[in-house]
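Student: Sequence and computational prediction follow.
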Amino acid sequence: MAYKDLHAFIRRLEKAGELVRIRVPVSADLEITEIADRVMKSPPERNKALLFEKVRGHDMPVLINMFGSPRRMAWALGVESLEDLRHRLARLIKPEMPQSWGEKFRRAAELLPTLRALGPKRVNKGICQEVVITDAPSLDALPILTCWPKDGGRYITLPQVITRDPRTGRRNVGMYRLQVFDERTLGMHWQIHKGGAEHERVAREEGVERIPVAVALGGDPAEIWAASAPLPPDIDEYMLAGWLRGKPVELVPCVTQPLEVPADAEIVIEGYVDPRERRLEGPFGDHTGYYTPPEPYPVMHVTAITHRKGAVYPTTVVGRPPMEDYWMGKATERLFLPLLQLFLPEVLDMNMPAEGVFHNLLIVKMRKRYPGHVRKVIHGIWGLGLMMLTKAIVVVDDWVDVHDLSEVAWQVLGNVDWARDVIVSEGPVDALDHASYRPLFGGKIGVDATAKDERDGYTRTWPERIEMSPEIKALVDRRWKEYGIDS
Ligand SMILES: Cc1cc2nc3c(=O)[nH]c(=O)nc-3n(C[C@H](O)[C@H](O)[C@H](O)COP(=O)(O)O)c2cc1C
Ligand SMILES: [Mn+2]
């Protein structure tokens with residue numbers, strides 16, 4: 001399902017009671033963070049998207065927490081529940097032979113629009129260019145938040161950062177925060193493992209002096225989210241967005257850079273990065289729940305700002321979990337499970353709990369078949385794309401619900417012989433990791449919490465799990481009211 005633009009999504013949320021308009025004046029300086037943080041950590045009945053209509057000193061409203069619940073995140077990607085994402089992708093990559101002709105036609109009809117929808121489409125005009133400012137564009141026109149008290153400045157936090165590989169011309173769209181240095185200069189926080197940083201490396205090798213960059217804000221929420229998706233290099237995130245929407249993303253040429261941006265975006269910042277230039281970026285209150293210290297990062301020079309009339313500025317704040325970005329990551333986890341299963345088919349399910357801030361903990365469920373199988377899966381995950389950054393991997397048996405943390409804890413604490421069932425290793429860690437003794441490289445742990453048998457060299461008899469017989473369960477179900485316990 002495609003939304004025409006961000007306003008269409010706002011209307012859907014509002015109609016469903018999933019959005020609150022804040023009509024009193026508020027400050028973009030810390031106040032919005034405190035309000036949003038409380039709402040993001042609230043139970044579902046109070047966890048709503050927030051539209052701040054009057055931001056002090058600005059005409060533009062601020063939208064925050066649009067992705068901050070499983071329901072809104074699913075709606076943003078055109079499905080009813082996040083689990084549907086997994087099934088949709090599994091169907092695309094594993095089309096089992098349907099039995100009946102009716103089923104065959106239905107499947108074909110489903111695949112056709114899917115394939116046609118994959119590539120973005122170029123158009124000549126877009127609402128994102130209703131207002132074009134090339135003469136002295138100023139970032140001060142945007143209600144950019146100061147998120148936390150010790151932040152180094154104001155940060156754009158929900159951008160689609162668009163670049164092209166200087167050698168191949170392939171597009172990448174990444175979500176990298178941007179610090180406002182002044183009216184026309186931004187810090188570009190693409191970390192070393194990410195697509196934008198790779199384009200910068202290629203530019204340096206090729207002696208290219210300016211990397212054109214466009215920062216799009218808003219558009220169909222699937223376009224916004226796609227920027228955060230860890231796709232393999234050289235796969236256009238707007239193709240993924242097109243597939244999610246069932247309709248191509250429409251792109252218009254920028255006015256001052258050789259790039260294209262979503263025609264339906266709210267705001268576009270155009271500019272360039274000089275690969276030789278570095279400036280201290282940070283500190284920034286990050287999704288680890290800690291401030292990341294200042295570090296040298298590239299600089300973006302703004303050449304134009306364009307926007308639609310009546311633009312809304314979309315943003316988020318990150319901090320101690322759970323926050324809005326947890327649900328953005330959950331969508332990624334669900335959608336990418338079938339992809340991971342292409343390489344590791346024995347993996348049945350996985351969970352990255354909020355407390356683990358994505359990279360710190362991955363719980364995996366699998367069916368063990370041969371000696372060393374659990375270790376093969378652990379090492380396999382450490383070799384798959386950005387999963388390489390995972391610090392702890394916990395493996396449980398096929399009957400365990402990986403989303404039930406109490407059940408997982410029970411399994412791990414009881415099943416693990418800490419001298420034998422643990423792999424301690426080292427490898428690449430996330431740029432934000434603060435525990436590793438040196439940046440980007442640190443310790444990892446793999447924990448085998450499956451039941452052991454002779455394949456593991458376990459010569460004792462593994463005990464049987466206690467379970468009530470089905471007849472007695474059915475009997476007690478039937479008689480439950482009689483007992484008078486619930487009255
Ligand atoms: C709200 C939010 C903010 C993010 N900020 C950054 C950031 O500042 N720098 C960064 O490298 N990744 C950041 N990420 C993660 C990247 O968007 C993510 O790794 C994505 O896969 C990058 O795209 P790429 O693989 O095309 O580089 C952020 C993610 C979210 C959801
Ligand atoms: Mn990418």
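Tutor: Received the coordinates, thanks. Ligands and ions are numbered 1, 2, ... in the order given.

Student: Could you tell me the per-residue confidence at Arg106?
Tutor: If you check Arg106, the pLDDT there is 72.

Student: before we move on, what about Trp462?
Tutor: 98.

Student: Now for it, how many residues are close by?
Tutor: If you count neighbours by other C-beta atoms under 10 Å, Trp462 ends up with 13. The C-beta positions use only the backbone N, C-alpha and C, and glycine is treated the same way.

Student: contacting residues for the nearest residue to it once chain neighbours are set aside?
Tutor: Distances taken as C-beta to C-beta, 6 or more residues apart in numbering put Ala451 closest to Trp462, at 5.0 Å, once the chain neighbours are dropped. Residues counted as contacts of Ala451 (C-beta atoms under 8 Å, 6 or more residues apart in numbering) are Asp397, Asn415, Trp462.

Student: Next, count neighbours for the residue in the chain that ligand 2 sits nearest to.
Tutor: Per C-beta to the ion, Gly195 is where the chain lies closest to ligand 2, at 3.7 Å. Residues within reach of Gly195, counting by other C-beta under 10 Å, total 25.

Student: out of the contacts of Ala451, which are inside helices?
Tutor: Assigned to helices by DSSP state H, the following of the contacts of Ala451 qualify: Asn415.

Student: The helix or strand Arg11 falls within - contacts with which helices or strands?
Tutor: Arg11 belongs to helix 6-15 when assigned by DSSP states H and E. For helix 6-15, the packing partners by 3 or more C-beta pairs under 8 Å, 6 or more residues apart in numbering; DSSP states H and E come out as strand 19-22, strand 49-52, helix 70-76, helix 221-226.

Student: 6 Å instead?
Tutor: The helices and strands touching helix 6-15, judged by 3 or more C-beta pairs under 6 Å, 6 or more residues apart in numbering; DSSP states H and E, number zero.

Student: tell me the mean pLDDT for it?
Tutor: Taken as a whole, helix 6-15 carries a mean pLDDT of 98.

Student: pLDDT weak spots in the stretch 301-450 of the chain?
Tutor: Applying pLDDT under 70 to the stretch 301-450 of the chain flags no residue at all.

Student: still on that earlier bit, apart from its chain neighbours, what residue comes closest to the residue of the chain closest to ligand 2?
Tutor: In space, Gly195 is closest to Asn172, 3.6 Å off (C-beta to C-beta, 6+ apart).

Student: So that neighbour versus ligand 1, what's the distance?
Tutor: Asn172 sits 5 Å away from ligand 1, going by C-beta to the nearest ligand atom, to the nearest Å.

Student: That residue against Ala197, yeah?
Tutor: No. Using C-beta atoms under 6 Å, Asn172 makes no contact with Ala197, being 9.9 Å away.

Student: tell me which parts of the protein are close to ligand 2?
Tutor: Residues of the chain lying near ligand 2 by C-beta under 5 Å from the ion: Asn172, Gly195, Leu231.

Student: that older thread, helices and strands around the helix or strand containing the residue nearest to Gly195, which ones?
Tutor: Taking DSSP H and E as the criterion, Asn172 maps to strand 171-174. Counting contacts by 3+ C-beta pairs under 6 Å, 6+ apart, strand 171-174 is packed against strand 160-164, helix 195-206.

Student: All the helices of the protein, residue numbers only.
Tutor: Using DSSP H, the helices of the chain run over residues 6-15, 31-40, 70-76, 82-93, 101-116, 195-206, 221-226, 237-245, 324-343, 373-381, 405-415, 470-483.

Student: got CSV for the ones you listed, with distance to Ile162 too?
Tutor: Output for those, formatted as CSV (distance: least, C-beta to C-beta, whole Å):
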stretch, distance to Ile162
helix 6-15, 17
helix 31-40, 26
helix 70-76, 20
helix 82-93, 24
helix 101-116, 23
helix 195-206, 9
helix 221-226, 11
helix 237-245, 9
helix 324-343, 18
helix 373-381, 30
helix 405-415, 38
helix 470-483, 56
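
Student: can you list the domain ranges for the protein.
Tutor: Using automatic domain parsing, the domain parsing of the chain gives 6-110, 119-315, 344-456.

Student: among the ones you listed, which is the most enclosed?
Tutor: domain 119-315 (a mean of 20; mean count of other C-beta atoms under 10 Å).

Student: What distance separates the opening and closing residues of that domain?
Tutor: Terminal residues of domain 119-315 are spaced 27 Å apart (C-alpha to C-alpha, to the nearest Å).

Student: now stretch 385-396
Tutor: Terminal residues of stretch 385-396 lie 22 Å apart, using C-alpha to C-alpha.

Student: now do stretch 185-196
Tutor: Taking C-alpha to C-alpha, the first and last residues of stretch 185-196 lie 17 Å apart.

Student: list the contacts for Val394?
Tutor: Contact partners of Val394, counting by C-beta atoms under 6 Å, 6 or more residues apart in numbering, are Ile363, Val412, Val447, Ala449.

Student: one more time with 10 Å
Tutor: Neighbour list for Val394: 351, 361-365, 378, 402, 408-409, 411-412, 416, 445-449 [criterion: C-beta atoms under 10 Å, 6 or more residues apart in numbering].

Student: Intersect the residues you listed with the contacts of ligand 1.
Tutor: Checking the contacts of Val394 against ligand 1 by C-beta under 6 Å from any ligand atom, not one of them is in range.

Student: The strand holding Asn172 pairs with which strands, and in what direction?
Tutor: strand 160-164 (antiparallel) (DSSP bridges).

Student: The partner strand: how far from the chain's middle?
Tutor: 16 Å (C-alpha atoms, centre = their mean, to the nearest Å).

Student: is that strand anywhere near ligand 1?
Tutor: No. Judged by C-beta under 6 Å from any ligand atom, strand 160-164 and ligand 1 are separated, with a smallest distance of 8.4 Å.

Student: could you dump that strand to PDB, C-alpha only?
Tutor: Below are the C-alpha coordinates for strand 160-164, written out as PDB (Å, rounded to 0.1, in the frame of the first residue of the first chain):
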ATOM      1  CA  GLN A 160      17.300  10.000   3.700                       C
ATOM      2  CA  VAL A 161      20.900  10.700   2.800                       C
ATOM      3  CA  ILE A 162      21.300  10.000  -1.000                       C
ATOM      4  CA  THR A 163      24.600   9.600  -2.700                       C
ATOM      5  CA  ARG A 164      25.900   7.800  -5.800                       C
END
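
Student: If anything else comes up later, I'll come back, but that's it for now.
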